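Asker: Sequence below, structure please.
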Amino acid sequence: MLIEQMRSYIRSVVEIDSSDIDDDTLNRFLGEGYDQIVYSEKRWPWYEASTTFTTTGGVQDYSLAVIGAAPDAVTNGLREIAALRTDDIVLTFLGRDAADVSYPIDSSGSGDAYYWSYWADSVRLYPKPSGAETIYVRGYKNPSAFGFGTSDGTAPSDFPEPFHILIANYGVSRAYDQQEDLDMAAAYKSLFITELDNLRARHLDSPAPQPLRLNGRRSSQWIAESYLPGRLRYSWE
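Answerer: Reported below is the predicted structural model:
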């Protein structure tokens, strides 16, 4: 749904026109609904982002703005870091206090990064990088703006289509609030919450485990015993 279609839907349900609630006000209501969905979960899958940055010798701290910038710029910038790795290892996350005890800021030691901490929208690497090294980043990007100031012909691009009517229903609830019909406002707010719970369950479901195999047997004794300690094996095994 485009934003003007959402406004039309709200007005048809509440039976009002632009003289009752103008476009800018409805856009603000829709923006509220959009934000309710965006910030109801930190890790919606469509906000997942991957990028890289390169360390500089002697520089220990890297802001989200630097990490999410060119050459692999993240649309809207990074909001959160999930994991860091190099070509060789996955960096281990440490609490800032514990890391600063083990690697004091005034320490002269440096080398390849093995640990990282996060504070004030900045990543700190331990030990202090001794030179240029590529760090691979997995994280979550910032949402796109939607609502007040959004031009007609624009849809909430961050979310799949099933969420669009959900945003519009939140707008219906707010429009009923404005018209002082509190019962209908509460009914549509409840509908919004129920639909959000359903969509959250659908889109944040964990990957299905591998099928359970009952009474299975390995076709090879070699495979069956390959995880046991080594022993002398004969040619016919």
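
Asker: pLDDT weak spots in this protein?
Answerer: Low-confidence segments of the chain, defined by pLDDT under 70: 206-237.

Asker: all helices for it, in order.
Answerer: Per DSSP state H, the chain has helices spanning 3-14, 23-38, 64-67, 96-102, 162-178, 182-203, 221-224. These are given in chain order.

Asker: What are the contacting residues of the longest one?
Answerer: If I follow you right, that is helix 182-203. When contacts are defined by CB atoms under 8 Å, 6 or more residues apart in numbering, helix 182-203 is touched by residues 14, 33, 36-37, 40-41, 44-45, 160, 162-163, 165-166, 169-170, 172-174, 176-177. Using the backbone N, CA and C atoms, a C-beta is placed for each residue, glycine as well.

Asker: ok and that helix relative to helix 23-38, angle-wise?
Answerer: Following axes from the mean of the first three to the mean of the last three CA atoms, to 10 degrees, one obtains 40 degrees for the angle between helix 182-203 and helix 23-38.

Asker: Next, the angle from helix 182-203 to helix 3-14.
Answerer: Using the same axes, to 10 degrees: helix 182-203 against helix 3-14 is 130 degrees.

Asker: what comes up buried for helix 182-203?
Answerer: By 16 or more other CB atoms under 10 Å, the buried positions in helix 182-203 come out as 184, 185, 188, 189, 192, 195, 196, 199.

Asker: Quick check on the residue most central in space within the chain: phi, psi?
Answerer: Taking CA atoms, centre = their mean, the centroid of the chain lies closest to residue 43, which sits 3.2 Å from it. With angles defined as degrees, to the nearest 10, residue 43 sits at phi -130, psi 50.

Asker: and it, what does it touch?
Answerer: Counting by CB under 8 Å, 6+ apart, residue 43 touches 82, 140, 204.

Asker: Fine, thanks again, bye for now.
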